[in-house]
Structure formats: structure tokens, C-alpha cells
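# Predicted structure and sequence below. I'll ask about it afterward.
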Amino acid sequence: MSALWELVNTPLLYALPFFLVFIAVEAASLRHGQGGPARPYSTIDTRTSLSMGMVALGFFALFKLTLMLFVFVWSALAPWHIPTNTWWYWPLLMVVVDLAWYCNHRFSHRVRLGWAGHQAHHSSEYFNLGTALRQKWNPWSEAIFWLPLPLLGFAPWTIYIAFMLNLIYQFFTHTETIGTLPRPLEFVLNTPSHHRVHHGSDQLYLDKNYGGILIVWDRLFGTFQKELHTPTYGLTTPVNTYNIVRLQYHEYGNIIRDVRGATRWRDRLGYIFAPPGWQPTDVARPDRQELPA
């Protein structure tokens, strides 16, 4: 078991030094005006992102406890076990994990309880490689959307490796220094151009481009939006703080406040499970206009 834990740790931990190197290179190039229209790094914003990323590593370790649940499902409930030593196993798993990522990511934007955990990643008004490390501290929904995979016969340890490879790829989509890639790549892959749209708070860009590695899911399910202009990054209602605890948990507090102020169960459930910004049709709340970003 200890060897298994080490195995699922390895890809992301080996990638961290390279992340920091690429962040330093991008920050230096932008400071010397070599990034075109891209904005230079903000020291306090980058420090906030890096701090949130470091703490997220600890929470990710807690997320790995779901491995025991996955092992049980795989060993006791899966009707078959897909052999891991075939040439097609890893390509198939990467596609399936990416589809699960799309579903979880879309849930995190369209269900307020999921958005409360995910919104911290969108809270920066900058878009660079440092922003990629502005990760959430409560990755509970991933366990729900990854649970069918061991039931389908995918070995649990391979699911975690595929998930981390997916995250590593997405690090490089957080940049303004790359315009658009060749058209075939833009059609299939999630690229910096596509992901800039996802981080935009402009009305045109809201709830678009959920893909992790592949953008084909957005094209198939109607959530794709091409980058037409430089996005306005951040939340539609800025938090206006660099306090990392508030950035992570303020929306949970908003949910609690709204639920406590509701008088009907359907409204309480709406404040939890409806999309962000939802309000009862017969209740005017001009002070709560936040939309998903």
C-alpha cells in the first residue's frame, strides 16, 4: 500500500518544480515587455495564488483517502477488471477521465454548492501560469464523478495518475502569452485561447469551455465559445480581498446566509443546488446579483 501511495503521488510532485520554473520565466518575460498584450504579474496576486496552491496540496492528500473507497468498488463490485498492460488502456482511461473532468467542472459552475468550492480558482483578475496554482481546498466533488471509473473496471491507482496528468496539462493553458495554436489543435484540445474564455467574467464567456485536455466535449455538449476579445478575468462580483481563507470559503457563508433567510424549503434547496445567482422568482433580492464566472 505504501508503494501505491507513492505511485499516485509521483506525477504531480515531480511537476511542481517545473511549474515554478515556468512561472518565473513567464513573469520575467512579461516584466521586460516580451509578452505582447499580456499584463505583467502582480506580486500580491501571485503570492496569493501560490499560497492557495501550497495549502491545496495538503487537502489533495486528504482527497486521496477516497482511494480506499475506489479499491473497494473495483475489487468487490466491478463486474470486470480492464487489463492495465494493454496498449489501449491508458489512451482510453485518459479520455474517460477527461470526460469525468468535464462533467465535474460543469457541475462546479452550474450548481451553487459546487461553485462555492470552485470559485476560488476564478477569483484572480489576472490570467497567467501563477493563476493555475490558485486551487480549491475542498475537492469533494471529484470523488463523486470519478466513482464510476473503478466500477467500470479501471484500476484505482491508474485513475489517480490520469487525473494528475490531466491537471499537469491544464497548468499550461493558463497564459496570455500564447495566442492561438494551429486550427486542428484548437479544434480538439483545450488551449490557452479556449481557457481564457473560461476564466472570463464577460456575459458572452460565462459558463463556457469546461474541458480539461479535450475541448471536443464542449463542442459536443453545446458549451463551446471561441475567444472573440480579451476577457475580463475574475468573478462577476469581486471579493476584493487577498485573504486566502475568505477567498476559499466566502461563498459557503453566502449560502448559509441565504438558506437561513429563506422561509420555504424549495427556496432553501434552490440556494444550495440551483445555479449561482439563482433567486426565487417572487422574492426581490437586489443585493444578491452574483453570477457564475
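Yep, that arrived. Numbers count the residues shown, from 1 in each chain.

# okay, CA-based contacts and neighbour counts for the rest of this
Noted.

# which element is the residue nearest to the spatial centre of the chain on?
For the chain, the residue sitting closest to the mean C-alpha position, by CA atoms, centre = their mean, is His105 at 6.1 Å. Element membership for His105, per DSSP states H and E: helix 89-110.

# which residues are contacting that helix?
Helix 89-110 has contacts (CA atoms under 8 Å, 6 or more residues apart in numbering) with 82-84, 114-115, 117-118, 141-142, 145-146, 154, 159, 162-163, 166, 207, 210-214, 217, 274-276, 292-293.

# Mind doing that once more with 6 Å?
Helix 89-110 is contacted from outside by Gly114, Trp115, Phe145, Ala162, Tyr210, Gly211, Pro275, using CA atoms under 6 Å, 6 or more residues apart in numbering.

# Likewise for stretch 250-258?
With CA under 6 Å, 6+ apart as the test, stretch 250-258 has contacts from Ala116.

# in that stretch, what counts as buried?
Across stretch 250-258, burial judged by 16 or more other CA atoms under 10 Å covers His250, Glu251, Tyr252, Ile255, Asp258.

# Kindly report the same for stretch 230-243.
Going by neighbour count (16+ other CA under 10 Å), the buried part of stretch 230-243 is Pro231, Thr232, Tyr233, Gly234, Leu235, Thr236, Val239.

# Okay, and which of the residues you listed map to helices?
Taking DSSP state H, every one of those sits outside helices.

# and His174, how many residues sit next to it?
Neighbour count for His174, taken as other CA atoms under 10 Å: 24.

# surely it meets Gly130?
No: contact criterion CA atoms under 6 Å: His174 and Gly130 do not qualify, at 8.0 Å.

# any idea which of the contacts of helix 89-110 is closest to Arg183?
Gly211 (17.0 Å; CA to CA).

# ok, now which ones touch the closest one?
For Gly211, the contact set (CA under 6 Å, 6+ apart) comprises Tyr102.

# The lowest-mean-pLDDT helix or strand in the chain packs against which elements?
Lowest on mean pLDDT, DSSP states H and E among the helices and strands of the chain sits helix 2-31, with a mean of 79. Packing partners of helix 2-31 (3 or more CA pairs under 6 Å, 6 or more residues apart in numbering; DSSP states H and E): helix 156-171.

# Now tell me what touches the helix it packs on from outside.
Residues outside helix 156-171 that contact it (CA under 6 Å, 6+ apart) are Val8, Leu12, Phe70, Val71, Met94, Ala132, Pro150.

# Which one (most neighbours) among these?
Among the contacts of helix 156-171, Pro150 has the most neighbours (other CA under 10 Å), with 26 neighbours.

# hmm, back to that, make CSV from the buried residues of stretch 230-243 and add distance to Leu65 to it.
Shown next, in CSV, are the buried residues of stretch 230-243 (distance: CA to CA, whole Å):
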residue, distance to Leu65
Pro231, 37
Thr232, 37
Tyr233, 34
Gly234, 32
Leu235, 31
Thr236, 34
Val239, 32
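
# Residues touching the helix or strand harbouring His118, excluding its own?
Using DSSP H and E, His118 falls within helix 112-118. Helix 112-118 is contacted by residues Ser108, His109, Lys136, Glu251, Tyr252, Ile272, Phe273, Ala274, Pro275, Pro276 when judged by CA under 6 Å, 6+ apart.

# how close does Tyr242 get to Glu125?
Computed as CA to CA, to the nearest Å, the Tyr242 to Glu125 distance reads 11 Å.

# So for the residue lying closest to Pro231 once chain neighbours are set aside, what pLDDT did the model give?
Leaving out its chain neighbours, the residue that sits closest to Pro231 by CA to CA, 6 or more residues apart in numbering is Gly200, at 4.7 Å. Model confidence at Gly200, given as pLDDT, is 97.

# Count the neighbours of Gly200 for me.
With other CA under 10 Å as criterion, Gly200 counts 25.

# For it, give its distance to Ser124.
11 Å.

# Same check on His198?
From His198 across to Ser124, the span is 13 Å (CA to CA).

# anything in contact with each of those two?
Common neighbours of His198 and Ser124 (CA under 6 Å, 6+ apart) do not exist.

# re earlier: among the buried residues of stretch 230-243, which two are most distant?
Pro231 and Val239 (18.3 Å).

# where does the stretch 51-200 of the chain have low pLDDT?
Applying pLDDT under 70 to the stretch 51-200 of the chain flags residues 61-64.
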